[in-house]
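In: what follows is a predicted protein model with its sequence.
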Amino acid sequence: MKPGGAEAGGVRLDAGALASAHAASLYRLALSLTRDPAAADDLVQETLLRALERGASYRGDAPVEAWLRRILHNLAADRFRRQRRELLVGEVEERWRDDAYTVDAAAVVERAEMREELEDALVRLPFPYRSAVVLHDVEGWTVKEVAEAAGIGLAAAKQRLRRGRMMLVSALAQAAERRQALRGVPLACWEARRRISEYLDGELPVREARLVERHLETCPTCPPLYAALVGTREALGALRDPDSVVPPDLAERIARRARQ
């Protein structure tokens, strides 16, 4: 590879040119898929690096943008593949096959119209189905483009879109039920949970700490999670051995490296 670029099937890929021309659109795609600015930034950087490392796989027979989208989509899929999601495809489809299954449409639409609620429901979908819904219904891609980005056939892409939309409605319906059960509880569960680590370390401002405490007093699901965090942290602290010493040869190697 030449400095700052790569030869790809006779097409020259330049790092600076790739970033300048495609970083913004890739970031928008990554943010749509992850709903997390930090994760989106990481994905864009990783995508551009992967493109330069594997430049030989690009033959110039398709737009560079489409090739980069495919790389980013695959990286995002790898990142989310092992994450557990509340909604399981089989369970949701079984519900929709049941003639007795329905939802409160007004409650679902009300939740969908609130950005925070809609994003919360989206991130609980398994990635392949979330990406199909986001790319088609948010970004305006055709089903063919979704299929190409995911490396699947047209029929499979249509199935992912159908299932993804079903799961999203079910997720929004569940959210409405949860919100009803948590009416009057300060902070949404995630808002409280993402502050728990700082709360444990005494680093939250007083006002936020009080909100977390009030949430823990009234929420039916968060107190066990908090208790588990406290217990796990205490168990980790017990691993520290106050009598342990650095082996002499290791200490010497560290000192030698420091002098160098």
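Out: Received it, and whenever you're ready, just let me know what you need.
In: so where's this structure uncertain?
Out: Residue ranges of the chain with pLDDT under 70: 1-16, 55-61, 81-88, 176-184, 240-260.
In: for it, what spans make up the strands?
Out: 5-8, 11-14 (DSSP state E).
In: ok, residue 143 - contacts?
Out: The contact partners of residue 143, by CB atoms under 8 Å, 6 or more residues apart in numbering, come to 136, 154, 157, 158, 161. C-beta coordinates here come from the backbone N, C-alpha and C atoms, glycine included.
In: list just the nearest of the residues you listed to residue 207.
Out: Using CB to CB, residue 136 is the member of these that lies nearest residue 207, at 41.8 Å.
In: what about that closest one, distance to residue 220?
Out: 36 Å (CB to CB, to the nearest Å).
In: got the residue ranges for the helices in the stretch 151-260 of the chain?
Out: Per DSSP state H, counting those that start in this stretch, the stretch 151-260 of the chain carries helices over the ranges 154-181, 189-193, 196-200, 206-218, 222-237, 248-259.
In: any chance of a markdown table for the ones you listed, columns distance to residue 102 and mean neighbour count?
Out: Converted to a markdown table, the helices of the stretch 151-260 of the chain look like this (distance: least, CB to CB, whole Å; neighbours: other CB atoms under 10 Å):
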| stretch | distance to residue 102 | mean neighbour count |
| --- | --- | --- |
| helix 154-181 | 9 | 18 |
| helix 189-193 | 26 | 17 |
| helix 196-200 | 36 | 15 |
| helix 206-218 | 30 | 15 |
| helix 222-237 | 30 | 12 |
| helix 248-259 | 66 | 9 |
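In: can you redo the ones you listed as TSV with distance to residue 116?
Out: Converted to TSV, the helices of the stretch 151-260 of the chain look like this (distance: least, CB to CB, whole Å):
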stretch	distance to residue 116
helix 154-181	10
helix 189-193	9
helix 196-200	19
helix 206-218	16
helix 222-237	18
helix 248-259	49
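In: how is the chain divided into domains?
Out: 5-81, 89-181, 189-236 (automatic domain parsing).
In: alpha carbons of stretch 40-54, as CSV, please.
Out: Backbone C-alpha positions of stretch 40-54 (Å, rounded to 0.1, in the frame of the first residue of the first chain) are rendered in CSV as follows:
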residue,chain,number,x,y,z
ALA,A,40,-21.2,6.2,15.1
ASP,A,41,-17.9,8.0,15.2
ASP,A,42,-16.1,4.8,15.9
LEU,A,43,-17.8,3.0,13.1
VAL,A,44,-16.9,5.7,10.5
GLN,A,45,-13.3,5.6,11.5
GLU,A,46,-13.2,1.8,11.4
THR,A,47,-15.0,1.8,8.0
LEU,A,48,-12.5,4.1,6.4
LEU,A,49,-9.5,2.1,7.9
ARG,A,50,-11.1,-1.1,6.7
ALA,A,51,-11.6,0.3,3.2
LEU,A,52,-7.9,1.2,3.0
GLU,A,53,-6.8,-2.1,4.4
ARG,A,54,-8.9,-4.1,2.0
